[in-house]
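1. Curious how this folds, go ahead:
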Amino acid sequence: MSTPTSISPALSARTGLLQVALAGALWGTGGLAVQVVRDVLPMSVLVISAWRMVIAALVLVAVLALTRQSAGVVALLRTRPAYAVGVGTATAAYQALYFVSVVNVGVTVATVVSLGLAPVLLTVGEAVRDRRRPDTGHLLVLGVALTGLLLVSGTAHSGDSGPHPLLGLLTAVGSGTAYALTTALGRPLAQVTSPLALTTTTTTVGALVLLPLAALSALGGSPVLTTDPVAAGTLLYLGVMTMALAYGLLYAGLRTTPGSAAVIATLLEPVTAALVAAAFLDERIGALGVVGTALILLAVAGLGRRPVVPPG
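-> Got it, this is the predicted structure:
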């Protein structure tokens, strides 16, 4: 008969993987939410992204005060300020560079390069850190996931390229690198502080980074405020659900999930985006998109069956 101590690590690892997967699913609804806002008024994506992080930061600070966990933020900033600022800055950079990439090279290339590069970089980084090559099982899971990402992204969106393909490709590479950096730096922080304190700190830093970019976008003519209830409600959804809750789940999951596995699990983001687009925007992903979705789900399921990796 198994003892609780023998079950606990595996259960904890699977719970962490589920938390990361749920974060990816929440992120997948963000594209539709951004489109809803832009259907109401021509707000730039940088302003929307800034609102997303500012709203999340305000909500998280309020929750932090109500739960009296502000000591966790103070301790994090006192012991590892560079890591905390680095994760917050990388989070803001990932979002901003991704949006710039979408505008310049199109959704398909931006999604495949940005989301596909991160697990590759983290797999290589973990192999260098541990001084051993990735095992065959992990490489198989990674290959299946990236194949699924390519199929889903290539069939769920238009294949037309944007006006500046080279700039779009470079910013997509920057976005993927920032995404990998967010996960790599965030995991050790998740081991020593609560998800709420970590999410509040990094989101507040990210908001401060994005606000100047939003101000420049506003000078270019983008509206900043709105009284429309649909737009305001959607911005609130973006901040609370796709930022505050989603990143809280990510950092909670990173306590027991390796970084390379975590970013593979977050590939549920394009799957969710494709399903949401099919349900609400009448976009069809086609047979190849269905195959890609199945491959990503298979890869995530494969992660759940892999041996438990000790945190740290």
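
2. all helices of the chain, in order?
-> Ranges of helices in the chain, per DSSP state H, are 4-28, 30-40, 45-67, 70-79, 81-105, 107-130, 136-156, 165-192, 195-219, 229-239, 246-253, 259-265, 268-280, 286-304.

3. burial count for residue 233?
-> Neighbour count for residue 233, taken as other CB atoms under 10 Å: 13. All C-beta atoms are positioned from the backbone trio N, CA, C, and that covers glycine.

4. Out of the helices of the chain, which is the most enclosed?
-> Most buried of these, by mean neighbour count (mean count of other CB atoms under 10 Å): helix 259-265, with a mean of 28.

5. what's the spacing between it and its chain's center?
-> 11 Å (CA atoms, centre = their mean, to the nearest Å).

6. what about it, average pLDDT?
-> Mean pLDDT, helix 259-265: 82.

7. Please name every helix or strand in contact with that helix.
-> helix 4-28, helix 107-130, helix 136-156, helix 165-192, helix 246-253, helix 286-304 (3 or more CB pairs under 8 Å, 6 or more residues apart in numbering; DSSP states H and E).

8. Format the ones you listed as TSV; extra columns: distance to residue 224 and mean pLDDT.
-> Shown next, in TSV, are the helices and strands packed on helix 259-265 (distance: least, CB to CB, whole Å; pLDDT from 0 to 100):
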stretch	distance to residue 224	mean pLDDT
helix 4-28	24	76
helix 107-130	25	81
helix 136-156	31	80
helix 165-192	23	89
helix 246-253	24	93
helix 286-304	36	80
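
9. now those as a markdown table including distance to residue 220?
-> Output for these, formatted as a markdown table (distance: least, CB to CB, whole Å):
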| stretch | distance to residue 220 |
| --- | --- |
| helix 4-28 | 27 |
| helix 107-130 | 21 |
| helix 136-156 | 29 |
| helix 165-192 | 17 |
| helix 246-253 | 28 |
| helix 286-304 | 35 |
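
10. Of these, which is nearest residue 54?
-> Residue 54 sits nearest to helix 246-253 of all the helices and strands packed on helix 259-265, at 14.1 Å, using CB to CB.

11. For that closest one, name the packing helices and strands.
-> So helix 246-253, by 3+ CB pairs under 8 Å, 6+ apart, packs with helix 4-28, helix 165-192, helix 195-219, helix 259-265.

12. tilt between the second one and helix 81-105?
-> An angle of 150 degrees separates the directions of helix 165-192 and helix 81-105 when computed by axes from the mean of the first three to the mean of the last three CA atoms, to 10 degrees.

13. Between the helices and strands packed on helix 246-253, which one is closest to residue 64.
-> That would be helix 195-219 among the helices and strands packed on helix 246-253, by CB to CB, at 5.2 Å.

14. Switch the helices and strands packed on helix 246-253 over to a markdown table, and while doing so, append distance to residue 147 to every line.
-> Output for these, formatted as a markdown table (distance: least, CB to CB, whole Å):
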| stretch | distance to residue 147 |
| --- | --- |
| helix 4-28 | 17 |
| helix 165-192 | 17 |
| helix 195-219 | 31 |
| helix 259-265 | 12 |
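
15. just so I know, which of those lies nearest residue 139?
-> Comparing the helices and strands packed on helix 246-253 by CB to CB, helix 259-265 comes nearest, at 10.4 Å.

16. re the thing from before, figure out which of the helices and strands packed on helix 246-253 is closest to residue 250.
-> For the helices and strands packed on helix 246-253, distance to residue 250 was read as CB to CB. The smallest value, 4.3 Å, belongs to helix 4-28.

17. which residues sit in contact with residue 177?
-> Residue 177 makes contact with 117, 118, 121 under the criterion CB atoms under 8 Å, 6 or more residues apart in numbering.

18. any idea of the mean pLDDT for stretch 70-80?
-> Throughout stretch 70-80, pLDDT has a mean value of 92.

19. from the chain's centre, how far out does that stretch sit?
-> For stretch 70-80 - counting by CA atoms, centre = their mean - the centre lies 23 Å from the chain centre.

20. Over to stretch 117-131?
-> Taking CA atoms, centre = their mean, one finds the center of stretch 117-131 at 18 Å from the center of the full chain.

21. Restricting to C-alpha, output that stretch in CSV.
-> Backbone C-alpha positions of stretch 117-131 (Å, rounded to 0.1, in the frame of the first residue of the first chain) are rendered in CSV as follows:
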residue,chain,number,x,y,z
LEU,A,117,11.2,29.3,-29.4
ALA,A,118,10.6,29.5,-25.6
PRO,A,119,10.5,25.7,-24.9
VAL,A,120,13.5,25.1,-27.2
LEU,A,121,15.5,27.8,-25.4
LEU,A,122,14.5,26.4,-21.9
THR,A,123,15.2,22.8,-22.9
VAL,A,124,18.7,23.8,-24.1
GLY,A,125,19.3,26.0,-21.0
GLU,A,126,18.3,23.2,-18.7
ALA,A,127,20.6,20.7,-20.5
VAL,A,128,23.5,23.1,-20.2
ARG,A,129,22.7,23.8,-16.5
ASP,A,130,22.5,20.0,-15.7
ARG,A,131,25.4,19.1,-18.0
